[in-house]
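**Student:** structure for the following, please:
(chains A and B)
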Amino acid sequence: MTNEEKFILITKNLEEVLTPEELKSLIESGTPLRHYIGMEISGKGHTGWVFLMHKIKDLQDAGVQVQILLADWHTWLNKKLDGTLETAKKTAGSYFKEALKAAAICAGADPEKINFVLGSEFYEKMGSDYWAKMIQVAKATTVSRMIRSTTIMGRKETEISDTAMLIYPAMQAADIFALKVNIAHAGTDQRNVHVVAREAAAQLGEQKPIAIHHHLLQGLTEPILTTDENGKRVMDMEAAKMSKSKPESAVFIHDNPEEIKRKVNNAFCPEGEVEFNPILDWVKHLIFYNPTTLTICRPEKWGGDITYQNYEDLEKDYKEKKLHPQDLKIAVAEWLIAKLEPARKYFENPSRKAALEEIERLTARE
RNA sequence: CCGGAGGUGGCAGAGCGGCCAAUCGCAGUUGACUGUAAAUCAACCGGGUUUUCCCUACGGAGGUUCGAAUCCUCCCCUCCGGACCA
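**Tutor:** Numbering: from 1, shown residues only, chains lettered A, B, ... in the order given. Predicted coordinates for the structure are as follows:
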């Protein structure tokens, strides 16, 4: 694979690369590419994970060493699950890692080649060297900057109630340096902290990490739209994200076919409207992540079956109301049912099933 | 620690001795209507129950009262102000 091909594969379907030039020269330098993405141990695996794993597959194919940090300490700081480190730590190994593997399988990535790092073990091993890095990051970053970064926790700034919550972004930035990562990966919601890390890098005497950000799949419920300073309609991503507090907004990887059908059918999906339409969003980013076809089965009276070779054609028909939401939803649901099959199978295993039930119990009371 | 303001159901926020399981709103659930969803309308929306009703509830513990979310006492917690320099 040429450097150019590697670059294209690594950056494929990303929302943002900081910066493409830096990535290019990193690839050309021949330095081993070390990637990481941090995952807070909260909530169940949903279709966003499968989308993420498509990116992981790209990275694996490009010869990047992929790491996933099971961020149990961050989970504790963010008061997720039952608010204890023990539960976060336990859940990381039992449910979380397994669900990530299942999502990887669904997306065609190789779960065995993902290096899972458990935060608590890693910090223990690094000892005070880690905390020194965290403090260096904290010293390099102003308080207001750090507060602004706390949006990465999926919380509003007004929810930042204790001092520990300011440690979260500092640790996340420190993780990048401690893991000796040169490609830091996350959803676009995490960009603030990556910028903090990049700007702190010089003070730590570290190489600026390259930051790659993937799209966030829209939740299935109606998005909250606001108008920005330019009068443009924007979506509140934090509210629009799939979230466990709105169970109907997400399709989980182990949902059974009936649940998938129900959730997709109940999704917000205005006819002819492409913008801020979660179903179209999923079709574009998830289904057509790689070149494929999508067949819509519909009765003769609605136009008969039709197969789309790419997203653009489908979008065009949808916009012109030649493709009805109902027909599209059925196709999307069927696609998901098939796509997530391996995950459902994976979770038939008794111990994994028990782990799933455990996290359902834990998230229900949040 | 001192002074001030507060702690009410998932959130937000009324009530301020009986008519309060607790106004209104948001969220949520269900049904009607649409070839989907949304919007709209209706019902529900602490738990048990079809209603009567019973239980648990308005930060915690006591108390006053025929009767307390509402008054009193103590405690816990949150928010704002309080150094110095001007």
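**Student:** all helices of the stretch 251-366 of chain A, in order?
**Tutor:** Secondary structure of the stretch 251-366 of chain A (DSSP state H, counting those that start in this stretch): helices at A:257-265, A:278-285, A:311-319, A:325-339, A:341-346, A:350-364.
**Student:** of these, which is nearest A:E15?
**Tutor:** helix A:278-285 (9.8 Å; CB to CB). The C-beta positions use only the backbone N, C-alpha and C, and glycine is treated the same way.
**Student:** what residue in the stretch 51-200 of chain A comes nearest to RNA strand B?
**Tutor:** With CB to the nearest atom of the strand as the measure, A:S161 is the residue of the stretch 51-200 of chain A nearest to RNA strand B, at 6.2 Å.
**Student:** quick one, phi/psi of that residue?
**Tutor:** The phi and psi values for A:S161, taken as degrees, to the nearest 10, are phi -100, psi -30.
**Student:** okay, it: pLDDT?
**Tutor:** For A:S161, the model assigns a pLDDT of 74.
**Student:** what of A:D236?
**Tutor:** For A:D236, the pLDDT comes out at 68.
**Student:** spell out which residues of chain A are next to RNA strand B.
**Tutor:** Residues of chain A lying near RNA strand B by CB under 7 Å from any atom of the strand: A:161, A:221-222, A:246, A:248, A:265-271, A:298-299, A:302, A:324-327, A:329.
**Student:** show the contacting residues for A:M165.
**Tutor:** By CB atoms under 8 Å, 6 or more residues apart in numbering, the contact set of A:M165 is A:77-78, A:150, A:153, A:155.
**Student:** could you find the lowest-pLDDT member of the residues you listed?
**Tutor:** A:R155 (74).
**Student:** distance check, that residue against A:Y130.
**Tutor:** 24 Å (CB to CB, to the nearest Å).
**Student:** and those two? Which one has more around it.
**Tutor:** Ranked by neighbour count (other CB atoms under 10 Å), A:R155 and A:Y130 place A:Y130 first, with 20 against 16.
**Student:** that one in helix, strand or coil?
**Tutor:** helix (DSSP: H, G, I helix; E, B strand; the rest coil).
**Student:** quick check, it in contact with A:S120.
**Tutor:** No: judged on CB atoms under 8 Å, A:Y130 makes no contact with A:S120 at a distance of 11.1 Å.
**Student:** need the overlap of contacts for the two.
**Tutor:** Joint contacts of A:Y130 and A:S120 (CB under 8 Å, 6+ apart) do not exist.
**Student:** burial count for A:T293?
**Tutor:** Neighbours around A:T293, by other CB under 10 Å: 10.
**Student:** look at it and report its pLDDT.
**Tutor:** pLDDT, A:T293: 93.
**Student:** please apply the same query to the one 3 residues further on.
**Tutor:** Listed pLDDT for A:I296 reads 93.
**Student:** so it makes contact with A:I306?
**Tutor:** Yes: taking contacts as CB under 8 Å, A:I296 lies within contact range of A:I306: 5.1 Å.
**Student:** what residues are shared contacts of these two?
**Tutor:** A:L323.
**Student:** between those two, who's got more neighbours?
**Tutor:** A:I296 (22 against 18).
**Student:** which ones are touching the residue nearest to that one when sequence neighbours are not counted?
**Tutor:** Setting aside the residues directly before and after it, A:I296 is nearest to A:A331 in space (CB to CB, 6 or more residues apart in numbering), at 4.6 Å. By CB under 8 Å, 6+ apart, the residues touching A:A331 are A:294-297.
**Student:** one more: A:K241?
**Tutor:** A:K241 neighbours (CB under 8 Å, 6+ apart): A:154, A:189, A:216, A:218-219, A:249.
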